[in-house]
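>>> Fold the following, please.
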Amino acid sequence: QTTMLFMSFFKTLVGQEVQVEMKNNLCIVGTLNSVDQFLNIKLENIRVVEPEKYPHLMSVTNIFVRGSVIRYIHLPDTVNTQLLQDATRRELTDKAQQAATN
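Next up, the predicted model:
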């Protein structure tokens, strides 16, 4: 269920520019095109943060990133994360209450 919360949140960011940091330290900035239930993402109009380290990616414009290789997604400053935080807290509280009654 929490994954669905995050997927819904990221779907609201489609069309906005995000920075994706991967577990191999590659950072890519691009426009979020789509996200699925596994938190796989598609980015358009990408650019590599450190092009000197990854010259082979200079000609790439669109990319698909598997959710399991993503370390962080840096959000634009304009994004209000309070709703996501509140929804996550509510979900955890509900689960704790259900566990206590069982």
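
>>> measure the nearest residue to residue 66 once chain neighbours are set aside to residue 60 for me?
Nearest non-adjacent residue to residue 66, counting by CB to CB, 6 or more residues apart in numbering: residue 40, 5.4 Å away. The way it works is simple: take the backbone N, C-alpha and C, and place the C-beta from them, glycine included. Distance, residue 40 to residue 60, by CB to CB, to the nearest Å: 17 Å.

>>> How about residue 44?
In terms of CB to CB, residue 44 sits 11 Å off from residue 60.

>>> Ok, residue 47 next?
9 Å.

>>> So which residues make contact with stretch 60-80?
Residues from elsewhere that reach stretch 60-80, judged by CB atoms under 8 Å, 6 or more residues apart in numbering: 10, 13, 16-24, 28, 30, 33, 36, 38-46, 81.

>>> swap the cut-off to 6 Å and go again
16, 18-23, 38-44, 46 (CB atoms under 6 Å, 6 or more residues apart in numbering).

>>> Report the buried members of these.
Burial of the contacts of stretch 60-80 was assessed by neighbour count (16 or more other CB atoms under 10 Å); the buried members are 18, 19, 20, 39, 40, 41, 42, 43, 46.
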